Each structure stands twice: as structure tokens, then as C-alpha cells.
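1. Any chance you can model this:
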Amino acid sequence: MFQFFRRIRRSIIKSGNARKYIIAPSGDNHSEHLLERTNENQKAFIKGVGLIILSLLLMQCDVKKNKVGEGTLNGGTKVELYDNGTWQVKTQVISPAPLRPETKIISSYNIGDILPDGSMIFHIDSNGQNGLTTQTEDLGWLKWDEAVIACKKNGDEWRLPTKDELNMIYNNLHIKGLGNLEDGSYWSSTEGGDFDTAWDQYFEGGFQSELEKDYIRLARAVREF
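-> Down below sits the predicted model:
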């Protein structure tokens, strides 16, 4: 049988570089021709292949493509089809996360509640946990200066209500039959334009007026809680 290869030499390891020898026929005498491929040639080959792949990718990017339709892959993935025969996964528009519902403040208090010191709540702040409370007994019929002093005798936190706070007492308690309030006039802590005057409120009709501090009016102490 005609033999093209007479023998094969093993790979020779020298200086850490592997050299592979391949036997090839040459002419009628079948002489051996050794073709050596070194590491440098292999690197050059890999680099060349990489350049070819990169060129192909760049060419594909440069090709102008127009969307011609949409499709669905077997797994249900939506894709966009282009006139150059390519496709890509359809861009998904991510909706923003829904806004968190506004936190509703739950108050542990109600208008008309009685606090441990016996006072009655007539106003609750927006936080639902603080507000204003009034004593449930009048301090008597007093001049304005006397009313201010009488409130302080109940403690430093007690005082006459402002004209606005006094109106809250009228609307939130008195007209609802709460607070044990009279139909008479009550002093407020709000002074008038004249140093000798202050504001009061008539609880039978609800109107307010400015009058001299020497007048005698009912007094009711309030405080924050």
C-alpha cells in the first residue's frame, strides 16, 4: 500500500514553547516536509479572526434598518422586525412606580374628649395628637387683669384664650352644648388697639367686640396639650 506518511515525530517542548510538527508528502519520493506553527502565528491567526468579526459587527451597525413589523418568539417575547432581515427584542417602557397613597393621620382625640386633668378638648392640631383644651368651670366674673391672674393660678401653662381660640370654644363646644359654658360674654387675651382695651365674645350670639379692660366679663382658662 502506497504510504504518504512514513513516520510522525512527537511534539517537542523547548524553552516553554510547544512546537507541533506535521508530516506532508512531497513528490514521488514521499520526502518529509515539516511545517512549524509557532505561538506567534497562532496569535496572529486569532487576531485576524477577531478583526473580521469586529468588521462584520460594525458593518451590521452601519446598515440602515427600518422597522417593518413585530413578532413573538416561542417563549412569548415580543420582537421588532426590520427590513434587513434582523430583529431585536421590543423595547419595554417601564412605568414609574405608583405614588404611595397619602398617609392618613389617625387622631387618638376627638373634640369634646375629657383629659386626665378634667379639661375638655376644643381644638386638635393637624398632626392629630396635639391641640387645645379648656377647663370645664368658669373662673367667675372678672375684670381683664383679674382674669389673666386667675388663669395663672391654675398653673403656668394655663392662660386666657386668644380671640380666635375663644371663637373655637364657641363653635366647637358651646353651640353643641359642650363645655358647661354660659350665654354671657367671655374675655380673650387679645388686647385692642388701645392699651386699655381687650376683646371679648358674647356667647349668646357669637359676636366679638373690643371694650375697656375695666368691664366685668366671664373668664375661662385654656392650655395646649
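2. residue ranges with poor pLDDT in the chain?
-> Scanning the chain for pLDDT under 70 picks out 1-65, 73-76, 83-85, 87, 90-107.
3. do that again at 80, thanks
-> Low-confidence segments of the chain, defined by pLDDT under 80, span residues 1-107.
4. gap between the two ends of stretch 124-139?
-> Using Cα to Cα, to the nearest Å, the end-to-end distance of stretch 124-139 comes out at 24 Å.
5. okay, now L178: neighbour count?
-> Using other Cβ atoms under 10 Å as the criterion, L178 is surrounded by 16 other residues. Yep, even glycine has a C-beta here, placed from its N, CA and C like the rest.
6. quick one: it and G112 touch, right?
-> Yes. A contact is recorded between L178 and G112 when judged using Cβ atoms under 8 Å, the distance being 5.0 Å.
7. any chance you could map the helices in the chain?
-> 39-62, 144-152, 163-172 (DSSP state H).
8. shared neighbours of L178 and G112, anything?
-> With contacts defined as Cβ atoms under 8 Å, 6 or more residues apart in numbering, the residues shared by L178 and G112 are 120, 172.
9. Now E204. Nearest residue, chain neighbours left out?
-> Residue nearest to E204 in three dimensions, not counting chain neighbours: D183, with 4.0 Å by Cβ to Cβ, 6 or more residues apart in numbering.
10. same check, this time on N171
-> G206 (7.8 Å).
11. what's the spacing between that neighbour and N127?
-> Distance, G206 to N127, using Cβ to Cβ, to the nearest Å: 28 Å.
12. If you count surrounding residues, which of the two has more?
-> Under the neighbour definition other Cβ under 10 Å, G206 and N127 were set side by side, and G206 has more, 12 against 9.
13. Next up, the contacts around that one.
-> 167, 170-171, 175.
14. got it, and Y215?
-> Taking Cβ under 8 Å, 6+ apart as the definition of contact, the neighbours of Y215 are 143-144, 200.
15. What's the PyMOL syntax to select whichever of those are buried?
-> Once 16 or more other Cβ atoms under 10 Å is used to decide burial, the buried members of the contacts of Y215 can be selected in PyMOL as follows:
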select buried, resi 143+144+200
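16. export the contacts of Y215 to a markdown table and tack on distance to G192?
-> Formatted as a markdown table, the entries for these read as follows, by distance: Cβ to Cβ, whole Å:
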| residue | distance to G192 |
| --- | --- |
| K143 | 15 |
| W144 | 10 |
| D200 | 10 |
